[in-house]
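**Q** one predicted model, sequence on top.
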Amino acid sequence: MEDIFLMLLAGVLVLMGIEFLSYRLDKNPSRQRVGVSARDTATSLSVYALARITRPLAQFTGVPLVVLAAALTPLALPASQWWVWVAALVLTDLAYYAKHRMAHRIRFFWAAHSVHHSSQHFNLSTGLRTPWLVPGWFFLSSIVYVPLALVGFPVWMIFGCHGIVIFYQFPIHTERIDRLPRPIEYLFNTPSHHRVHHGANNPYLNKNYGGILIVWDRLFGSFTEEGGPVRFGLRKNIATHNPIKVNFGEFVAMLGDVRRSRTWRGRVGSLLGPPEWTDANAEQSPTRDDSRLVEAGS
């Protein structure tokens, strides 16, 4: 397993190198691009390294629930049948869509997921910027797969498909690929669709949550085509490259809002409401971070 990870890591680094060179060699870009930044890339890689180191500990917050569900269910689907694999991948992708949407619309989970959106660049290194040791993230990442375990999919198959969904999204974090042929753009998540997802400007806020398939967004009303320029990052971007501040900044801001809330409704809303939710009765923070704010209806 370790050998496979090292091979994948080597492939990732090679692709990042190719992307970097493509920007340097492109003398006549077809459209304006943000490109790459050595400092921003270093931040993303630092965050990723810390996430890899702490992942075994973080996984204890959710994986046991999936294992328990599989142990309790009387159902068992045959892993030797091809259709079980297809169904597992499609349903895992749907579960990922649900998780991803919740990560944007429930502040407790957004406190973790905002780490991934904190870069003002959109390149392959951005795909590696994942949160580490933020409570609730791995719980959410695992709990959405409990229904799959209950209907009889093997746990190892579920998390294998989860790995496929996650790995698929790495190469679509790029500005170097424009729109693909229409059938592909209609069915699958592509670099164009994912650029929309990372947009911090309207009409791109809270759109295109899909992992592999973009059809979930088309079905559930969260799809938007790439049109005008996309501004990457947060509504109010963080002014730091410190990987610790990048990772915990929104979590600290969330706890600050909970502390300033004067009612239980305010405290619960600060944790479980949408990221833009505010408590009208809370004490005003002189250093409030509005990076999570979105416009109404987005």
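**A** Ah, there it is.

**Q** for the stretch 51-200 of the chain, which spans come out with low pLDDT?
**A** For the stretch 51-200 of the chain, the stretches flagged by pLDDT under 70 are 135.

**Q** counting contacts, what elements does the helix or strand containing F138 pack onto?
**A** Using DSSP states H and E, F138 sits in helix 137-143. Contacts defined by 3 or more CB pairs under 8 Å, 6 or more residues apart in numbering; DSSP states H and E place helix 137-143 against helix 38-58, helix 63-72, helix 82-105, helix 107-113. All C-beta atoms are positioned from the backbone trio N, CA, C, and that covers glycine.

**Q** buried set for the first one?
**A** Translated: helix 38-58. 40-41, 43-48, 50-51, 58 (16 or more other CB atoms under 10 Å).

**Q** going by distance to R231, which of these wins?
**A** For the buried residues of helix 38-58, the minimum distance to R231 (CB to CB) is 14.9 Å, reached by D40.

**Q** list the contacts for that closest one?
**A** Contacts for D40 (CB atoms under 8 Å, 6 or more residues apart in numbering) come out as 119-121, 125, 241.

**Q** ok, and the most crowded of the residues you listed?
**A** Ranked by neighbour count (other CB atoms under 10 Å), those have S119 at the top, with 28 neighbours.

**Q** name the nearest residue to it, sequence neighbours excluded.
**A** T126 (4.8 Å; CB to CB, 6 or more residues apart in numbering).

**Q** can I assume the one you found sits in a helix?
**A** Yes. Applying DSSP: H, G, I helix; E, B strand; the rest coil, one finds T126 inside a helix.

**Q** assess the claim that it and E175 are in contact.
**A** No. Contact criterion CB atoms under 8 Å: T126 and E175 do not qualify, at 10.1 Å.

**Q** one step back: okay if I get the contacts of D40 as JSON lines plus distance to G269 and secondary structure?
**A** JSON lines is the format used below for the contacts of D40 (distance: CB to CB, whole Å; DSSP: H, G, I helix; E, B strand; the rest coil):
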{"residue": "S119", "distance to G269": "28", "secondary structure": "coil"}
{"residue": "Q120", "distance to G269": "29", "secondary structure": "coil"}
{"residue": "H121", "distance to G269": "32", "secondary structure": "coil"}
{"residue": "S125", "distance to G269": "35", "secondary structure": "helix"}
{"residue": "H241", "distance to G269": "31", "secondary structure": "coil"}
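
**Q** could you dump the residues you listed into JSON lines and include distance to R24?
**A** Converted to JSON lines, those look like this (distance: CB to CB, whole Å):
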{"residue": "S119", "distance to R24": "20"}
{"residue": "Q120", "distance to R24": "20"}
{"residue": "H121", "distance to R24": "15"}
{"residue": "S125", "distance to R24": "15"}
{"residue": "H241", "distance to R24": "22"}
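
**Q** so which of the helices and strands packed on helix 137-143 comes closest to V165?
**A** Short answer: helix 82-105, nearest of the helices and strands packed on helix 137-143 by CB to CB, at 5.0 Å.
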